[in-house]
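# take this sequence and fold it.
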Amino acid sequence: MKWTPIAAIVVFGAMNVVGHATFQDLWVDGVDMGATCARLPLSNSPITNVASKDIACNAGTSPVSKKCSVAAGSTVTIEIHQQPGDRTCATEAIGGAHYGPVQAYLSSVSDSSAADGSTASWFKIFADTWAANPSGGSGDDDHWGTKDINTCCGRMDVKIPADLAAGDYLLRAEALALHTAGQSQGAQFYVTCFQLTVTGGGSAKPAGVSLPGAYEASDPGILVNIHAKLNSYTAPGPAVYAGGSTKSAGSPCAGCENTCKAARRRLRY
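You can find the predicted model right below:
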């Protein structure tokens, strides 16, 4: 089958429910908190309208009673899988060649078990985006954050900046699938917000962006044909805050180095 954007839409339209996924669990310094502080989406379907309020914390989500306590400077691990409650490595965490960046944001709120995120100011604390494949090929042959999270059994480490002021925050985990992003509203955002209380730290209150507002449907990191060769790629949103962290796409796992033996299936057409 000749690979074109239209072919991608046809093929993935038949299998996208399988490929869809949800950030559903959180680890704090290696301690499994499960979904206790996660505002789980109603389904594993993506957000495609970046102007919708759902781009902040997903569709139909609501606060939960639990907050996860996290010390400033520590590491949390976000975990994504295709189906709720499925944390095995037998299948890809986000399947169907859903290639794209993985990013994380924080927002300071007065009460993370009450704030809905719609008026929040979000600052980016983590990004694992894109790197060219030295062997060449198209963009879907390149290294991507979602490929890394598949390799790592759905888990990715995110550093909580050490200089943050103590208080409540919403942690927004985002995977962006670009397999049908060559058309308007073809990019698929998989988002979950986790409710945190950050302890210790400093006094920093980083400036942020609005969601919706920070993303435009025409952004080059959102409206892009990854099935053609890419010379560069810039993920949507602001730069990573200086106290945050990045991961080079294609680099070894962080978050499950000793336990991950995830499926790594590559679809060919």
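# quick one, what contacts the closest residue in space to S45 that isn't next to it in sequence?
Spatial nearest neighbour of S45, excluding adjacent residues (C-beta to C-beta, 6 or more residues apart in numbering): H20 at 5.7 Å. Using the backbone N, CA and C atoms, a C-beta is placed for each residue, glycine as well. The neighbourhood of H20, defined by C-beta atoms under 8 Å, 6 or more residues apart in numbering, consists of S43, N44, S45, P46, Q82, I94, Q188, Y190.
# all strands of the chain, in order?
Taking DSSP state E as the test, the strands found in the chain are 22-28, 31-32, 38-39, 68-71, 75-81, 102-109, 122-128, 130-131, 143-144, 155-159, 167-177, 188-199, 245-246.
# what's the spacing between the longest one and its chain's center?
Here strand 188-199 is found 10 Å from its chain centre; the criterion is C-alpha atoms, centre = their mean, to the nearest Å.
# so which elements touch that strand?
If you count contacts as 3 or more C-beta pairs under 8 Å, 6 or more residues apart in numbering; DSSP states H and E, strand 188-199 packs onto strand 22-28, strand 38-39, helix 54-57, strand 68-71, strand 75-81, strand 167-177.
# distance to V240 and mean pLDDT added to the ones you listed, as a markdown table?
As requested, the helices and strands packed on strand 188-199 are exported to a markdown table (distance: least, C-beta to C-beta, whole Å; pLDDT from 0 to 100):
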| stretch | distance to V240 | mean pLDDT |
| --- | --- | --- |
| strand 22-28 | 18 | 97 |
| strand 38-39 | 23 | 98 |
| helix 54-57 | 19 | 96 |
| strand 68-71 | 18 | 98 |
| strand 75-81 | 15 | 97 |
| strand 167-177 | 13 | 98 |
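# nearest to G208 among those would be which one?
strand 167-177 (10.7 Å; C-beta to C-beta).
# what packs against the closest one?
So strand 167-177, by 3+ C-beta pairs under 8 Å, 6+ apart, packs with strand 22-28, helix 54-57, strand 75-81, strand 102-109, helix 145-151, strand 188-199.
# restrict that strand to CA atoms and write it as PDB.
Output in PDB follows, covering the C-alpha atoms of strand 167-177 (Å, rounded to 0.1, in the frame of the first residue of the first chain):
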ATOM      1  CA  GLY A 167       1.400  24.600  47.300                       C
ATOM      2  CA  ASP A 168      -1.200  22.900  45.200                       C
ATOM      3  CA  TYR A 169      -0.600  22.300  41.500                       C
ATOM      4  CA  LEU A 170      -2.300  20.500  38.600                       C
ATOM      5  CA  LEU A 171       0.100  18.300  36.600                       C
ATOM      6  CA  ARG A 172      -1.000  18.000  33.000                       C
ATOM      7  CA  ALA A 173       0.400  15.000  31.000                       C
ATOM      8  CA  GLU A 174       0.100  15.200  27.200                       C
ATOM      9  CA  ALA A 175       0.900  12.900  24.400                       C
ATOM     10  CA  LEU A 176       0.300  14.300  20.900                       C
ATOM     11  CA  ALA A 177      -0.300  11.700  18.100                       C
END
